[in-house]
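Visitor: make a model of this:
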Amino acid sequence: PVLKGGTVQAPLYLIEGKTVHKTDDDAAMGNSDGFAQYVFRVVHVFQHGEQSCVIEFFIVEREMFRAAQLEFSPVPQPFPRHVEQVSTGIKPRDIKPIVPSAIKGVSLDMLKMSPYGSFADTIRELRMMCAKYREWINGLRTIRQDLSTEYKITADRHITNCETCLSRMEKGVELLEQNERIRIAFQYMNLAMLMQQLHYNLPLQKWEDNGAGDISLVNPVSMPVVTDDSTWHNKEQRVYGKWRPFQLAFVLMNLRAMYDRDCNERGIVDLIWVPTGGGKTEAYLGLSAYTIFIRRLINKDDKGTAILMRYTLRLLTAQQYERASAMICACDLIRKSHEDLFGKNRITIGLWVGISTTPNKVSGAVKAYEKLYRGEGNNPFVMLKCPWCGAQMGPVQKGKNQWELPGYRKVPLGRRKFGFAFRCRNRQCDFSTE
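Guide: Below is the predicted model of the structure:
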């Protein structure tokens with residue numbers, strides 16, 4: 001035997017004192033339903049590494065070197081009898097963007113599915129998407145026939161779950177046709193999602209001392225017009241207003257549950273399980289916008305908390321909060337333009353995190369504002385950029401010892417009492433006068 005080596009990049013689970021083979025996948029991942037064995041049945045797995053963590057292994061067996069280099073083949077290969085050495089390391093790698101799936105005859109276009117588009121065309125495309133999904137499920141049945149017995153039970157369960165999802169999608173399309181409120185909420189959800197994409201992707205516009213006792217934007221940009229794609233920022237390098245199929249499916253599946261509080265599907269937890277960059281955020285933001293609109297259509301005086309979002313990483317919290325804020329801004333502008341439908345109560349968003357991240361009380365926010373105005377300390381506020389126009393928010397030096405705080409406001413509330421508010425300084429922004 002000759003000592004050979006290789007690396008694997010894939011999710012870390014090493015069982016102490018044990019060589020992890022393919023047959024150990026489900027136990028190692030905490031699954032008891034054969035999921036991993038079925039999904040990765042044609043892949044030889046020796047060990048797994050979390051994201052960019054690399055598992056380095058040295059295998060004693062000449063014939064296994066090809067498999068160790070990850071040149072995988074559906075043809076079964078023998079597993080190594082012995083792993084001589086296992087260690088971890090970090091190696092940089094390129095992560096390719098996930099390209100959205102395309103369905104022939106289905107545009108998945110947000111503007112076309114908004115009030116500006118044809119509702120008949122929307123229904124036609126949604127039915128075609130469901131039909132294509134059914135074709136895919138039928139293809140799974142064909143594959144299932146050639147599986148060994150150990151995989152057929154898991155395959156049957158997956159196919160049944162797919163059928164359930166398809167049924168919920170088709171019922172969602174039926175609801176759109178039958179229920180005017182659901183149709184209106186769905187259409188304005190599409191409009192809100194396109195608006196938030198166009199505004200969230202605007203570049204940061206910085207403020208600077210203009211030498212005339214004030215500050216000005218260095219690189220002001222024009223605001224996009226939703227119906228005129230020539231005004232969309234950097235549209236040659238970005239894709240605006242297109243759903244991925246699973247995102248739209250996720251929304252369709254939950255149209256009834258968000259509308260009917262007695263719906264038995266409210267007990268279902270739908271898990272979106274796709275890699276980073278796959279479109280999870282857009283999916284749940286879309287359903288969030290629909291939920292906001294449908295609640296207002298049921299009761300336009302509705303107010304209070306409608307949606308809770310929880311994040312486990314501080315950096316992720318800030319980034320996702322900015323995206324969610326852009327969506328909320330879009331929803332509130334739509335509400336303001338259609339108070340007959342969505343009422344006069346503003347649609348708002350708030351953030352609750354540890355006090356080490358940002359002030360948890362208004363009094364603390366006012367004190368932090370005053371310190372920043374004096375040029376003292378670090379900025380504790382999460383909002384550093386207007387989620388709608390991209391204008392900078394936070395300390396800007398004006399002269400040697402003067403500071404401006406565009407976007408942050410200390411608001412008088414009465415005798416020696418003050419509140420705190422975020423308000424954009426850019427006069428071109430829809431939220432500069434609110």
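
Visitor: most centrally placed residue in the chain?
Guide: Nearest residue to the geometric centre of the chain (C-alpha atoms, centre = their mean): Thr281, 1.1 Å.

Visitor: identify the residues contacting it.
Guide: Shown in contact with Thr281 (C-beta atoms under 8 Å, 6 or more residues apart in numbering): 320, 323. For glycine as for every other residue, the C-beta is placed from the backbone atoms N, C-alpha and C.

Visitor: quick check: next helix or strand after the top helix by length along the chain?
Guide: Longest helix in the chain, counting residues (DSSP state H): helix 149-178. Next in sequence after helix 149-178, counting helices and strands by DSSP states H and E, comes helix 180-200.

Visitor: what is the mean pLDDT for that next one?
Guide: Across helix 180-200, the average pLDDT comes to 98.

Visitor: tell me what that helix is packed against?
Guide: Identification of packing neighbours for helix 180-200 by 3 or more C-beta pairs under 8 Å, 6 or more residues apart in numbering; DSSP states H and E yields helix 119-145, helix 149-178, helix 255-259, helix 280-298, helix 314-337.

Visitor: redo these as a markdown table? Include distance to Gln397.
Guide: Shown next, in a markdown table, are the helices and strands packed on helix 180-200 (distance: least, C-beta to C-beta, whole Å):
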| stretch | distance to Gln397 |
| --- | --- |
| helix 119-145 | 51 |
| helix 149-178 | 53 |
| helix 255-259 | 47 |
| helix 280-298 | 34 |
| helix 314-337 | 23 |
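
Visitor: if we can go back for a sec, list the buried residues for the longest helix of the chain?
Guide: Of the residues in helix 149-178, 151, 154-155, 158-159, 165-166, 168-170, 172-173, 175-176 count as buried by neighbour count, 16 or more other C-beta atoms under 10 Å.

Visitor: what of stretch 105-117?
Guide: For stretch 105-117, by 16+ other C-beta under 10 Å, it's 106-114, 117.

Visitor: pLDDT and secondary structure for the residues you listed - can I get that in CSV?
Guide: Output for those, formatted as CSV (pLDDT from 0 to 100; DSSP: H, G, I helix; E, B strand; the rest coil):
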residue, pLDDT, secondary structure
Val106, 90, strand
Ser107, 91, coil
Leu108, 93, coil
Asp109, 96, strand
Met110, 97, coil
Leu111, 97, coil
Lys112, 97, coil
Met113, 97, coil
Ser114, 98, coil
Gly117, 97, coil
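
Visitor: can you classify the nearest residue to Thr317 once chain neighbours are set aside as helix, strand or coil?
Guide: The shortest distance from Thr317 to any non-neighbouring residue, by C-beta to C-beta, 6 or more residues apart in numbering, is to Tyr311 (4.3 Å). Secondary structure, DSSP: H, G, I helix; E, B strand; the rest coil: Tyr311 is coil.

Visitor: wait, Tyr311 sits on Arg323?
Guide: No - Tyr311 is beyond contact range of Arg323, at 11.5 Å (criterion: C-beta atoms under 8 Å).

Visitor: out of the two, which sits in the busier spot?
Guide: Arg323 (16 against 13; other C-beta atoms under 10 Å).

Visitor: now, which of the buried residues of stretch 105-117 sits nearest Phe381?
Guide: Distance to Phe381, by C-beta to C-beta, is smallest for Met110 among those, at 31.3 Å.

Visitor: what's near enough to touch that closest one?
Guide: Per C-beta under 8 Å, 6+ apart, neighbours of Met110: 190-191, 193-194, 197, 241-243.

Visitor: go again using 7 Å as the cut-off
Guide: 190, 193-194, 241, 243 (C-beta atoms under 7 Å, 6 or more residues apart in numbering).

Visitor: do Cys331 as well
Guide: 192, 289, 292, 347.

Visitor: now do Lys280
Guide: Lys280 neighbours (C-beta under 7 Å, 6+ apart): 272, 274.

Visitor: go again with 10 Å.
Guide: 244, 246-247, 250, 271-274 (C-beta atoms under 10 Å, 6 or more residues apart in numbering).

Visitor: what's the answer for Ile182, then?
Guide: Ile182 neighbours (C-beta under 10 Å, 6+ apart): 172, 174-176, 255-256, 258-260, 290, 293-294, 297.

Visitor: for Leu255, see how far away it is.
Guide: 6 Å (C-beta to C-beta, to the nearest Å).

Visitor: how about Lys171?
Guide: Taking C-beta to C-beta, one finds Lys171 at 8 Å from Leu255.

Visitor: need the overlap of contacts for the two.
Guide: With C-beta under 10 Å, 6+ apart, Lys171 and Leu255 have common neighbours Glu265.

Visitor: pLDDT weak spots in the stretch 1-150 of the chain?
Guide: Within the stretch 1-150 of the chain, the ranges that satisfy pLDDT under 70 run 1-33, 40-100.

Visitor: isn't Ile184 up against His338?
Guide: Yes - using C-beta atoms under 10 Å, Ile184 is in contact with His338, at 9.3 Å.

Visitor: so what sits against both of these two?
Guide: Joint contacts of Ile184 and His338 (C-beta under 10 Å, 6+ apart) are 115, 293.

Visitor: which residue sits closest to Ile103, ignoring its sequence neighbours?
Guide: Lys132 (5.3 Å).

Visitor: tell me, how many residues neighbour the one you found?
Guide: A count of nearby residues for Lys132, using other C-beta under 10 Å, gives 16.

Visitor: list the contacts of it.
Guide: 101, 103-106, 245.

Visitor: measure it to Arg425 for me?
Guide: Going from Lys132 to Arg425 by C-beta to C-beta gives 48 Å.

Visitor: does Pro395 touch Ala368 like I think?
Guide: No - the pair Pro395 / Ala368 is not scored as a contact, 11.0 Å apart, by C-beta under 10 Å.

Visitor: overlap in contacts, these two.
Guide: 376-379, 381, 408.

Visitor: nearest to Trp136, of those?
Guide: Phe381 (46.6 Å).

Visitor: what's the closest non-adjacent residue to the closest one?
Guide: Thr358 (5.9 Å).
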